[in-house]
Structures are given as structure tokens and as C-alpha cells.
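In: A structural model of the following input is requested.
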Amino acid sequence: MAKKIKITQTGSVIDRPVPQKLTIKALGLGRPNYSVVHNDTPQIRGMIRKVSHLVKIEEIEA
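Out: Take a look at the predicted model:
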């Protein structure tokens, strides 16, 4: 069974570089306090690392 992570956007993308805006959009976020659940994969972890200052993550039991 794949582990899941809950990603919550904590900061705004206003005045952020375009790659960070696109990464937030690719994660399925868009506004502060929005949350999404993704499988815990290396690709998702890499995206989180790019915008770690804008998101909070929690590991959840699926």
C-alpha cells in the first residue's frame, strides 16, 4: 500500500518566480489553506522541496 501525504499551502504565490507558481499549480494547489492528498512518490517529494517555504506536509495513514 502506497503511503499518502497531505499537502497544505501556507503561503501566497504572489511575487514568487514563475517556476514556483507552476509547481504549486501542478500539485493541485492555488490558494493559501488549500489541501490535497497525493501518493508519497519521489516526484511529489521533489516538487514539495521546490516550494517547501510555501507548503506544510503531513504523512497520513491510507
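In: which sections of this protein are below the confidence cut-off?
Out: Low-confidence segments of the chain, defined by pLDDT under 70: 62.
In: Could you tell me which residues within stretch 24-36 count as buried?
Out: Using 16 or more other CB atoms under 10 Å as the test for burial, stretch 24-36 gives Ile24, Leu27, Leu29. For every residue, glycine as well, the C-beta is placed using N, CA and C.
In: Tell me where the chain has helices.
Out: Here the chain has its helices, by DSSP state H, at 18-26, 42-50.
In: okay if I get those as TSV plus distance to Lys4?
Out: Formatted as TSV, the entries for these read as follows, by distance: least, CB to CB, whole Å:
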stretch	distance to Lys4
helix 18-26	18
helix 42-50	10
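In: so which of these gets nearest Ala2?
Out: Nearest to Ala2, of all the helices of the chain, is helix 42-50, at 10.8 Å by CB to CB.
In: Output the contacting helices and strands for the closest one.
Out: In this structure, helix 42-50 makes packing contacts with strand 4-9, helix 18-26, judged by 3 or more CB pairs under 8 Å, 6 or more residues apart in numbering; DSSP states H and E.
In: Give me the buried positions along the shortest one.
Out: Looking back up the chat, that one is strand 4-9. Neighbour counts using 16+ other CB under 10 Å place Ile5, Ile7, Gln9 of strand 4-9 among the buried residues.
In: show me the contacts for the first one.
Out: Pointing back at Ile5 there. The contact partners of Ile5, taken as CB atoms under 8 Å, 6 or more residues apart in numbering, are Val37, His38, Asn39, Asp40, Ile44, Ile48, Ile57, Glu58, Glu59, Ile60.
In: One more: the last one?
Out: With contact taken as CB under 8 Å, 6+ apart, Gln9 is in contact with Ile24, Leu29, Gly30, Arg31, Pro32, Asn33, Tyr34, Ser35, Leu54, Val55.
In: I appreciate the help and will end here.
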